[in-house]
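*Asks:* for reference, the sequence and a predicted model appear below.
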Amino acid sequence: IAERKMHIEGEKEDTKGSFQFEEVAFTPKALGDAKTKELWDKWGLDQNSYMKRLSFDEFFSAEQKDVFIKDLFASDAARKALGVSTGRNGSWGGVGPLSSFTATDLSCSVTNLDFFNKINDLEDPAVVRDKGALTKCFDEFVDGVPLSDELRKLLVMEESEHYYEFSDEERREFIFHIFRRVCLGGGMCQYEDDIRPYLETTKSMYKDLVSVQKNPSTKALEVTSVVYQLEAAEGDSGTLFPERASRDHSFCYLAIEPSKRTVTVWYLAHIPMF
């Protein structure tokens, strides 16, 4: 997995590079649908969370990943738009110019939900039964999250009979990350008994967060976005996630669309109920 921890040296005035940012109006189309918004709130994905979009003014390439992230969090626009949860009563703070961060490259090669079809074929035990019903199991708690069906066990428990049905490479796919996040939800999540709402929401959110275009040679659809998972960050004002937050279930994704010069940030601090 491509992962890098960057330590940034120097005084505050030296932390900025060449990228300049400005927040732009953005509401995910998926959350404009009343049914999807109701599920989103039911799953606790509206708590200690946001989805914001910013524009930037320079050409971006993957080689500029580190300076892009550094410039983003040093910018005035990001300091106003991109808060970090304090873990207390829904309050927010800032992280400021970063002194260090860890960011992982994610893949975006998947263009449809066929990627998840093999879940329907798994047996001993089955994960999905007739018409999408999830197979229940005895509750097990992992990092403060109750796993009460075989799907959630497949997603996070290496001891699950089916965990390795998805390879490390497949688990790096951004669409897999979205699916995992909607299935596990936030700190106060009410789970579904059927896989279909999770798949439908995953599809809608993927379309909101990445861009696709048709390859002129092959005529196949290709994702043009570049996505990073910011796993940890420390700055002048604090850290990316509060101490109370679950490390495995909190997340911050940066979805960059180079041609449109926008970056969409999806952040959630997973604060367990207990």
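*Replies:* Perfect, I can see it now. Given the structure is predicted, the values throughout are model-derived calculations rather than measurements. Residues are numbered from 1 along each chain as shown.

*Asks:* excluding its backbone neighbours, what's nearest Leu155?
*Replies:* Arg180 (5.0 Å; C-beta to C-beta, 6 or more residues apart in numbering). To be clear about C-beta, it is placed using only N, CA and C from the backbone, and glycine gets the same treatment.

*Asks:* for the one you found, give me the pLDDT.
*Replies:* The model reports Arg180 with a pLDDT of 98.

*Asks:* that one belongs to a helix, doesn't it?
*Replies:* Yes. The assignment for Arg180 is a helix, going by DSSP: H, G, I helix; E, B strand; the rest coil.

*Asks:* what is the neighbour count of it?
*Replies:* 19 (other C-beta atoms under 10 Å).

*Asks:* for Val67, see how far away it is.
*Replies:* Arg180 sits at a distance of 29 Å from Val67 (criterion: C-beta to C-beta, to the nearest Å).

*Asks:* now swap in Ile119 and tell me
*Replies:* Distance of Ile119 to Val67, given as C-beta to C-beta: 39 Å.

*Asks:* still on that earlier bit, surely the residue nearest to Leu155 meets Leu154?
*Replies:* No. If you go by C-beta atoms under 8 Å, Arg180 and Leu154 don't touch, sitting 9.8 Å apart.

*Asks:* coming back round to it: more neighbours: which of Ile119 and Val67?
*Replies:* Ile119 (20 against 17).

*Asks:* mind checking how far the closest residue to that one other than its chain neighbours is from Glu200?
*Replies:* Among residues not flanking Ile119 along the chain, Val127 sits closest, at 5.4 Å (C-beta to C-beta, 6+ apart). The gap separating Val127 from Glu200 is 17 Å, by C-beta to C-beta.

*Asks:* go on, Tyr50?
*Replies:* From Tyr50 to Glu200 the distance is 22 Å (C-beta to C-beta).

*Asks:* so between these two, which is more surrounded?
*Replies:* Neighbour count, other C-beta under 10 Å: between Tyr50 and Glu200, Glu200 has more, with 17 against 14.
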